[in-house]
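S.K.: Build me a model:
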Amino acid sequence: MKKFINAVIYGHGDAKEILVENGVIKSIGKNLGPTDEIVDLGGKLVTAPYVDPHIHLDYVYTLSELGKTGAGSGTLFEAIEMWPKFKENLTIDSVKKLALKGIKDEVSQGVQYIRTHIDVTDPNFTALKAILELREELKNIVEIQIVAFPQEGMYTYRGGRDLVEEALKMGADVVGGIPHYEPAREFGEKSIHDIVELAIKYDKLIDVHCDETD
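M.R.: Below is the predicted model of the structure:
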């Protein structure tokens with residue numbers, strides 16, 4: 001049994017001590033009694049793990065692969081325009097390498113739950129396959145929730161809607177979308193209906209990019 005003392009414990013008032021056995025919290029309170037080992041936290045904050053509700057693990061650290069000349073102006077929509085050509089050279093290993101670096105950064109800062117959008121407008125599903133593998137490999141460290149995200153649009157990209165559905169069959173947890181990136185308003189509206197229908201059909205959650213324009 002290990003006891004952590006002098007902790008600032010979020011949500012537990014003036015409690016200052018935590019008893020831990022085999023990595024599991026057994027008790028939180030004051031004056032919890034003697035233990036085999038004592039760790040003095042010196043007033044550091046103890047809180048529940050953090051949640052990152054929005055990241056693109058297939059994009060993290062890709063700037064390092066582009067180099068300064070390939071990064072353009074750094075605006076969002078220029079990056080979106082550059083992505084299709086860049087992803088042609090992705091491999092499962094290259095996606096896993098950069099994504100793992102990003103995940104390690106998150107976990108080191110207390111994040112234990114990650115929702116990641118993954119571009120599925122790719123008939124090879126390279127990025128999706130990579131993150132599905134990481135989700136399984138890291139399941140005892142971090143919980144990863146995958147959004148089937150049609151970066152190039154359900155209708156702007158030929159067959160995009162069907163690719164989203166296939167991604168759900170492969171194991172994605174959430175239906176994504178980007179209605180303002182569709183070729184016309186009517187297709188944006190149609191994509192929203194499709195998103196809801198797919199979520200109902202496969203009993204999935206919904207997470208749509210809908211806050212990037214006025």
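
S.K.: Name the strands paired with the longest strand along the chain and say parallel or antiparallel.
M.R.: Among the elements of type strand in the chain, defined by DSSP state E, the one spanning the most residues is strand 111-119. The pairing partners recorded for strand 111-119 under DSSP bridges are strand 50-55 (parallel), strand 143-149 (parallel).

S.K.: Skip ahead from the last one and say which helix or strand is next.
M.R.: Next along the chain after strand 143-149, taking DSSP states H and E as the criterion, comes helix 160-170.

S.K.: Give the buried residues for that following helix.
M.R.: Applying a neighbour-count criterion of 16 or more other C-beta atoms under 10 Å, the buried positions in helix 160-170 are 160, 161, 163, 164, 165, 166, 167, 168. Bear in mind the C-beta positions are built from the backbone N, C-alpha and C, glycine included.

S.K.: what is the orientation angle of it with strand 111-119?
M.R.: Between helix 160-170 and strand 111-119, the angle comes out at 140 degrees (axes from the mean of the first three to the mean of the last three C-alpha atoms, to 10 degrees).

S.K.: what packs against helix 160-170?
M.R.: If contacts are counted by 3 or more C-beta pairs under 8 Å, 6 or more residues apart in numbering; DSSP states H and E, helix 160-170 sits against helix 126-137, strand 143-149, strand 174-177, helix 185-202.

S.K.: Tabulate the ones you listed (CSV), appending mean neighbour count, mean pLDDT and distance to residue 81.
M.R.: Shown next, in CSV, are these (neighbours: other C-beta atoms under 10 Å; pLDDT from 0 to 100; distance: least, C-beta to C-beta, whole Å):
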stretch, mean neighbour count, mean pLDDT, distance to residue 81
helix 126-137, 20, 98, 18
strand 143-149, 24, 99, 16
strand 174-177, 25, 98, 19
helix 185-202, 16, 98, 18
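
S.K.: Which one, of these, ends up nearest to residue 19?
M.R.: The closest approach between residue 19 and any of those, judged by C-beta to C-beta, belongs to strand 143-149 at 24.9 Å.

S.K.: Residues contacting that closest one, please?
M.R.: Counting by C-beta atoms under 8 Å, 6 or more residues apart in numbering, strand 143-149 makes contact with 56-57, 103, 112-120, 128, 131-132, 134-135, 138, 164, 167-168, 171-178, 207, 209, all of which sit outside it.
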